[in-house]
Each structure stands twice: as C-alpha cells, then as structure tokens.
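Visitor: Just the structure for this:
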Amino acid sequence: MRNDFLIGRQQIFDRDLRVFAYELLFRDVNGNTVEAFGPTAASNQVIVDSLLEYGLDRIVGAQLAFINLTRDNLLSGTPLLLPKDKVVIEVLEDVHIDDTLIQALQNLVHQGYRIALDDFVFEERWLPLIEIAHIIKFDIQKVEPAASGSVMEQLKKLPILFLAEKVETQEQYLEYRALGCQYFQGFFFSRPNMVQGRRLETSHYAVLQILATINRPNISISELAYTISMDVGLSYKLLRYINSAFYALPRQIDSLKLAITYLGIREIQRWASLISLANFPDHPREIIKIALVRAKMCESLAASCKLPNSDQFFLVGLMSTIDQLLEIPLDEAVSSLPLADEVKEALVSRAGPAGKALDCAINYERWRLDAVHFEHLDLPQVGRIHLESVGWANKIFEVLEA
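Guide: Reported below is the predicted structural model:
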C-alpha cells in the first residue's frame with residue numbers, strides 16, 4: 001500500500017444483521033478525500049494500487065466492497081480494473097449527470113458491475129440512473145423516513161434494493177427495516193447494545209473463565225494443558241487446527257503437552273483463546289471479527305514500538321468486545337473475570353500502553369483519524385498495521401469457521 005493513502009472500512013448489514021459488505025473509506029495522510037484530487041491518472045492509479053496490491057480479499061474477506069468513485073474515475077475506466085464479482089460502484093450524490101456518464105454506467109452494468117446511488121434524494125435528474133442502479137442509499141440523517149418510504153413505494157416495481165446509512169440507534173434500524181430497507185450501515189452496529197440487568201449465563205461464564213485462566217501470566221505447560229483438557233470440545237478443536245494445513249507440521253501432534261512443547265505456550269494460548277471466543281454462545285460473527293482485528297492490531301502496535309508483553313496487548317484487543325457479547329457494561333463484564341490488573345485497566349480505562357494501543361485501534365476502526373496516535377508511529381504506519389490485522393483476522397476466521 002502506498003503511503004499517500006489510508007484505507008478503512010465500515011460494515012454493511014442485511015436485515016438479519018449479517019455482514020453483507022464493507023464500504024471502503026479512503027483518505028490521504030493529510031485528511032483529504034480521494035475526490036479532492038480530481039480526475040488525474042495518478043489518483044486513479046493510487047486507488048487501484050491500494051486495493052489490488054494489498055488485495056480486496058484480505059480487506060473484505062468473502063464479502064463485497066462498496067467503493068466511492070467520482071465522475072472522472074468512472075469516465076476514465078477505473079472500475080474496469082476492479083473485480084466485478086467483489087465490488088459495488090457507488091455514484092456520489094454531487095456527480096454531474098449527462099449522456100457520457102450514463103453511457104459509462106450502462107457499460108459497467110453490461111460488464112456485470114453493480115451500481116449504488118449514494119446519499120439519494122429523489123430528483124428528476126436521477127431518473128436515468130435509477131433505471132441503471134441496483135442499490136439506492138438513504139442518508140437517514142438528511143432524509144425523513146416518510147420521504148424514504150415514498151421513494152421506495154414509487155420504485156417498488158423496479159429491481160432495486162435499499163440501504164439506510166448513518167443508522168445510529170436501534171429505533172432507526174427497526175423503523176427503516178419496517179419501511180422495507182434490505183441493508184443497513186452506521187455506528188449503531190459497532191457499538192454495544194446494552195440490556196440492563198442481564199445476568200451472565202452459565203455457558204457464557206464458563207467461556208470467560210477459560211479465557212482468563214489460559215491467559216494467566218506465567219502459567220506453566222502442565223497447568224495450561226490441564227485447563228484446556230477440561231473442555232473436551234476445545235481440546236479436540238485445538239489439536240485439529242494444529243494438525244491442519246494451516247501449520248503443515250512434519251508429524252502428527254496427538255497430545256496437548258506435545259502441542260505446547262512444539263509450538264510454545266504463547267501460540268497455544270492464542271489459539272485456545274481464539275477458539276473459545278469463536279465458540280461463544282449465540283455470538284454475532286462480526287463482533288468476533290472485530291475482536292480479532294483489534295487483538296492483532298494491538299499486538300502489532302506493541303511489536304512495532306518494541307514494547308514488552310505484546311501477548312498482553314493481544315489479550316486486551318481480544319477481550320475488548322466482551323461487553324457486546326454479554327450485552328452488559330464493560331466494567332461489569334471485566335470485574336467478574338480473574339484478569340491481570342493491567343489488562344482490566346487497559347480495557348475499562350484505556351490505561352497503560354495496552355490501553356493506548358486499544359484506543360488507537362478503535363479510533364482507526366471508527367475512522368476517527370484525528371485521534372489515531374500510538375507512540376512514535378505515524379498515520380500511514382498505523383494504517384498498514386490495520387490492513388495487515390484485517391487480513392490476518394479474515395484468514396484466521398476462515399480456519400475457525402471450518
């Protein structure tokens with residue numbers, strides 16, 4: 001990835017809150033949008049290189065990528081360099097519409113590309129594009145529900161799907177779901193949905209106890225093997241993964257002690273933690289993915305700055321979505337676990353180096369770039385670490401889901 005640009009992403013969910021796609025977000029290191037650079041061949045090439053050099057699959061996994069492109073990008077043929085089975089081309093709301101643009105979009109559709117109209121407000125000038133589009137996006141902070149509903153009613157005979165973006169509350173999600181929107185995007189989906197007074201179920205608490213125990217500082221090989229062996233499912237899956245093509249070991253590993261001796265305590269702790277979290281009762285898949293990205297990012301931030309105890313940074317990132325999994329406040333969830341004090345303080349108060357790393361990871365994840373800081377690292381370095389963490393998390397999740 002070139003240092004000129006940063007890449008972020010935001011989830012797009014379907015009606016059942018499963019991740020359908022990610023919108024990719026671009027910024028240069030000075031905070032300008034890609035659109036600010038105009039229709040030069042250089043800006044086109046930067047966008048394409050950023051995606052193709054790093055790889056869309058590593059950024060969005062099996063999901064689609066929504067990509068904003070300007071009129072100049074569209075007319076210069078940039079979308080044709082992107083894989084049509086992986087992208088949805090977003091036409092910006094301020095685009096100048098004329099016969100040249102319409103023809104360019106028709107050609108993209110003919111080639112098999114999907115088109116989305118961003119920040120849609122029904123106006124006559126949009127009519128030619130409505131006939132081409134596959135998805136219409138409503139900015140619900142700008143358009144009233146009644147107006148969105150009216151548009152959906154008028155266009156119900158067309159094969160168009162609707163997406164509500166900037167959804168910030170559960171009420172907004174439910175309202176636009178009732179109106180008929182198929183897709184949803186916004187900060188509401190990456191924040192905890194608290195249910196006051198909810199008690200931990202026995203199965204939840206068992207998972208948390210295993211997570212805390214296997215990550216206890218200075219745990220011995222015998223203690224780690226014994227703790228894992230108490231959970232038959234965890235033991236089986238751990239040995240299965242270790243003997244899979246992921247490691248391609250020269251010999252079969254048939255005992256936990258041998259696995260720990262062969263791979264080391266830290267690697268076994270990590271896999272046992274990942275498996276335990278992935279098996280969390282009724283877990284939303286995306287929350288687990290977010291935890292994996294944060295875990296790897298926190299660890300990599302520490303490693304890049306040569307800070308000690310990078311495994312503790314990993315644990316802090318991994319446990320950072322525990323409040324969303326349990327649907328209780330974070331301090332309440334953390335207080336019930338036998339975690340090291342530094343881990344608890346990093347999670348609840350963002351204290352210490354691990355807390356600062358978690359803060360950095362979350363700020364980048366939520367695209368608050370002005371607040372992205374960690375030690376001496378600059379923004380492009382943090383951006384590369386984030387992308388590498390996303391790629392790692394997608395790869396690990398495929399193994400865990402197998």
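Visitor: drop to CA atoms for contacts and neighbour counts, all remaining ones
Guide: Noted.
Visitor: Neighbours of Leu318, how many?
Guide: Neighbours of Leu318 under the rule other Cα atoms under 10 Å: 27.
Visitor: and if you look at Ile385?
Guide: Considering only other Cα under 10 Å, Ile385 is surrounded by 21 other residues.
Visitor: helix/strand/coil for Leu25?
Guide: For Leu25, the reduced secondary structure class is strand; criterion used: DSSP: H, G, I helix; E, B strand; the rest coil.
Visitor: and what of Phe138?
Guide: Three-state assignment for Phe138 (three-state DSSP): strand.
Visitor: Surely it touches Asp119?
Guide: Yes - look at Phe138 against Asp119 with Cα atoms under 8 Å: they come within range, at 5.2 Å.
Visitor: Would you mind measuring from Ala62 to Asp341?
Guide: Shown here: Ala62 relative to Asp341, a distance of 38 Å by Cα to Cα, to the nearest Å.
Visitor: And those two? Which one has more around it.
Guide: Ala62 (15 against 10).
Visitor: Let me see the backbone angles for that one.
Guide: Backbone dihedrals for Ala62, given as degrees, to the nearest 10, come out at phi -80, psi -10.
Visitor: rewinding a little: of Phe138 and Asp119, give the one with the bigger neighbour count.
Guide: Phe138 (26 against 22).
Visitor: how about low-confidence regions in this protein?
Guide: Low-confidence regions of the chain, defined by pLDDT under 70, span residues 1-5, 28-47, 49-50, 188-205, 245-248, 281-283, 402.
Visitor: now the strands for it?
Guide: 5-14, 19-28, 64-69, 87-91, 114-117, 135-139, 161-165, 183-185 (DSSP state E).
Visitor: Point out the other helices and strands that the first one packs with.
Guide: With contacts taken as 3 or more Cα pairs under 8 Å, 6 or more residues apart in numbering; DSSP states H and E, strand 5-14 sits against strand 19-28, strand 183-185, helix 352-365, helix 379-401.
Visitor: Now do the third one: which elements does it pack against?
Guide: In terms of contacts (3+ Cα pairs under 8 Å, 6+ apart), helix 352-365 is packed against strand 5-14, helix 285-304, helix 310-318, helix 341-349, helix 379-401.
Visitor: one step back: what's the closest of the helices and strands packed on strand 5-14 to Leu330?
Guide: Nearest to Leu330 among the helices and strands packed on strand 5-14 is helix 352-365; the distance by Cα to Cα comes to 13.8 Å.
Visitor: quick one on the thing from earlier: turn the helices and strands packed on strand 5-14 into JSON lines, including distance to Gln269.
Guide: Below are the helices and strands packed on strand 5-14 laid out as JSON lines (distance: least, Cα to Cα, whole Å):
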{"stretch": "strand 19-28", "distance to Gln269": "28"}
{"stretch": "strand 183-185", "distance to Gln269": "35"}
{"stretch": "helix 352-365", "distance to Gln269": "18"}
{"stretch": "helix 379-401", "distance to Gln269": "15"}
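Visitor: re the thing from before, among the helices and strands packed on helix 352-365, which is the most enclosed?
Guide: Ranked by average neighbour count under the criterion mean count of other Cα atoms under 10 Å, these are headed by helix 310-318 at a mean of 25.
Visitor: Off-centre distance for that helix?
Guide: Here the centre of mass of C-alpha atoms in helix 310-318, compared against the chain's by Cα atoms, centre = their mean, to the nearest Å, lies 18 Å away.
Visitor: closest one to Lys166 among the helices and strands packed on helix 352-365?
Guide: Evaluated over these, closeness to Lys166 peaks at strand 5-14, with 10.6 Å, by Cα to Cα.
Visitor: what pairs with that closest one, and is each one parallel or antiparallel?
Guide: Strands adjacent to strand 5-14 in the sheet, as given by DSSP bridges, are strand 19-28 (antiparallel), strand 183-185 (antiparallel).
Visitor: Make TSV from the strands of the chain and add distance to Ser304 to it.
Guide: Formatted as TSV, the strands of the chain follow (distance: least, Cα to Cα, whole Å):
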stretch	distance to Ser304
strand 5-14	18
strand 19-28	22
strand 64-69	29
strand 87-91	32
strand 114-117	39
strand 135-139	39
strand 161-165	35
strand 183-185	33
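Visitor: among those, which is nearest Pro353?
Guide: Distance to Pro353, taken as Cα to Cα, is lowest for strand 5-14 among those, at 23.3 Å.
Visitor: Just the CA coordinates for the closest one, please, in PDB.
Guide: Coordinates of each C-alpha in strand 5-14 appear next as PDB, following Å, rounded to 0.1, in the frame of the first residue of the first chain:
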ATOM      1  CA  PHE A   5      -3.500   6.900   1.200                       C
ATOM      2  CA  LEU A   6      -5.100   5.200   4.200                       C
ATOM      3  CA  ILE A   7      -7.900   2.600   3.800                       C
ATOM      4  CA  GLY A   8     -10.600   1.900   6.300                       C
ATOM      5  CA  ARG A   9     -13.900   0.100   6.200                       C
ATOM      6  CA  GLN A  10     -17.400   0.100   7.600                       C
ATOM      7  CA  GLN A  11     -19.800  -2.800   7.800                       C
ATOM      8  CA  ILE A  12     -23.000  -3.000   5.800                       C
ATOM      9  CA  PHE A  13     -25.500  -5.400   7.300                       C
ATOM     10  CA  ASP A  14     -28.500  -7.300   5.900                       C
END
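Visitor: just how off-centre is that strand within its chain?
Guide: For strand 5-14, the distance from its own C-alpha centre to the chain's C-alpha centre is 7 Å (Cα atoms, centre = their mean).
Visitor: Same check on stretch 123-137?
Guide: 29 Å.
Visitor: Likewise for stretch 89-108?
Guide: Put simply, stretch 89-108 sits 29 Å off its chain's centre (Cα atoms, centre = their mean).
Visitor: Please apply the same query to stretch 376-396.
Guide: Using Cα atoms, centre = their mean, the distance from the centre of stretch 376-396 to the centre of the chain it belongs to is 12 Å.
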